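In: Got a predicted structure here, sequence first:
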Amino acid sequence: MYETKIEDIIKAQNGDEEVMEEILRNNEGLTWSIVKRFTGRGHEVEDLYQIGCLGFIKAIKRFDVNFEVKISTYAVPYILGEIKRYIRDDGLIRVSRSIKELLIKIKEVQREYIMKEGREVGIIELAEKLKVSKEEIAVALDSDRQLESINDDAYSGSSNEGKTSKLEKINIGKDETSAVIDKICIKELINDLDKREREIILLRYYKEKTQTEVAKILGITQVQVSRIEKKILNSMRTKLIV
């Protein structure tokens, strides 16, 4: 995998658009590898790729060159986060095609502003640029929200000094891009389980309890634990297949 030089990251952070585009181009394999995990869900892959690129740009802008981690690994949660925000309407809320198209345009403008200005673009600026009303921009942006993002702040204390992002809480170490992607996807799959299913997986694979021990803790039989566990693993395996 191509590895970006620190000096190029600094140039991109300082507004060098050509270097930024070069970094995106050299790392497009990483972005596509993540995009492929979301194919077959009714979304254009080219749209998802552009959304993924926006996540990569945000990662570059927020990257601390003192991190003991490669940008390709650091960018993974950002790319995943942007794509998942875009397709969050896979749940109960369905977003119309017109709003999706407007959201893509908004993402493109946001990308331009981040690259050129180093900041987020405001609603009024978006409305003027795209020649739509502020209300339409607000609706599109609202459809892009998610309940929780890996880039949200997590507080280790009551003051801002203890504030770090969930991303920074991830123990990445060396370049483990594929492993990081899988860990994040698995965590999200576990969060989607019901209470008893989640307890079984956590007890079995995180607390390393036997099926018999889990059965005693939950007040069910070992056979039930085995059946439920098998069902959960088959479901998770299917969802993880690209």
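Out: Looks like it arrived, so ask away.
In: going forward, measure contacts between C-alpha atoms and count neighbours the same way
Out: OK.
In: okay, now A127: neighbour count?
Out: Neighbour count for A127, taken as other Cα atoms under 10 Å: 17.
In: where do the strands sit along the chain?
Out: Remark: strands assigned in the chain by DSSP state E are 153-155, 163-165.
In: weakest of those strands by average pLDDT?
Out: The minimum mean pLDDT among the strands of the chain belongs to strand 153-155 (a mean of 44).
In: how does this structure divide into domains?
Out: Domain assignment for the chain by automatic domain parsing gives 6-147+175-184, 193-240.
In: what is the mean pLDDT for the longest one?
Out: In this model, domain 6-147+175-184 has a mean pLDDT of 79.
In: Any idea how far that domain is from the middle of the chain?
Out: Relative to the centre of its chain, domain 6-147+175-184 is centred 9 Å away, using Cα atoms, centre = their mean, to the nearest Å.
In: Over to stretch 52-71 now: how far is its first residue from its last?
Out: With Cα to Cα, to the nearest Å applied, stretch 52-71 spans 14 Å between its terminal residues.
In: And for stretch 29-44?
Out: One end of stretch 29-44 sits 17 Å from the other (Cα to Cα).
In: For it, buried residues please.
Out: Under the neighbour-count criterion of 16 or more other Cα atoms under 10 Å, stretch 29-44 has L30, T31, W32, I34, V35, R37, F38 buried.
In: Looking at those residues, point me to the pair that's furthest apart.
Out: Using Cα to Cα, these span at most 13.8 Å, a distance reached by L30 and F38.
In: What distance do you get for the most centrally placed residue in the chain to I99?
Out: The chain has G81 as the residue nearest its centroid, 2.1 Å off, counting by Cα atoms, centre = their mean. To I99, G81 is 19 Å away according to Cα to Cα.
In: give the contact list for Y113.
Out: Listed by Cα atoms under 8 Å, 6 or more residues apart in numbering, the contact set of Y113 reads R119, E120, V121.
In: same thing but 6 Å
Out: Y113 makes no contacts at all, as judged by Cα atoms under 6 Å, 6 or more residues apart in numbering.
In: distance of it from L54?
Out: Distance, Y113 to L54, using Cα to Cα: 11 Å.
In: again, but for V65
Out: 20 Å.
In: Which one's more surrounded, these two?
Out: Using other Cα under 10 Å as the criterion, V65 and L54 rank with L54 on top: 24 against 14.
In: Relative to V223, how far out is the more buried one?
Out: Distance of L54 to V223, given as Cα to Cα: 47 Å.
In: and what of S33?
Out: S33 is 38 Å from V223, where distance means Cα to Cα.
In: what do you get for G55?
Out: 44 Å.
In: more crowded one of the two?
Out: Using other Cα under 10 Å, the more surrounded residue of G55 and V223 is G55, with 23 against 12.
In: Give me the nearest residue to the more buried one, chain neighbours excluded.
Out: Spatial nearest neighbour of G55, excluding adjacent residues (Cα to Cα, 6 or more residues apart in numbering): I79 at 4.3 Å.
In: which ones are touching that neighbour?
Out: I79 makes contact with G52, G55, F56 under the criterion Cα under 6 Å, 6+ apart.
In: go with 8 Å
Out: Applying Cα under 8 Å, 6+ apart to I79 gives the contacts T31, I34, I51, G52, C53, L54, G55, F56.
In: biggest separation within the residues you listed, which pair?
Out: Going by Cα to Cα, the pair spanning the contacts of I79 furthest: I34 and L54, at 13.2 Å.
In: Now do the buried residues in stretch 225-242.
Out: Neighbour-count burial for stretch 225-242, with 16+ other Cα under 10 Å as criterion, is recorded at V225, S226, E229, I232, M236.
In: Surely the last one is in contact with D192?
Out: Okay, so that is M236. No. Using Cα atoms under 8 Å, M236 makes no contact with D192, being 10.1 Å away.
In: how much space between P77 and G122?
Out: Distance, P77 to G122, using Cα to Cα: 24 Å.
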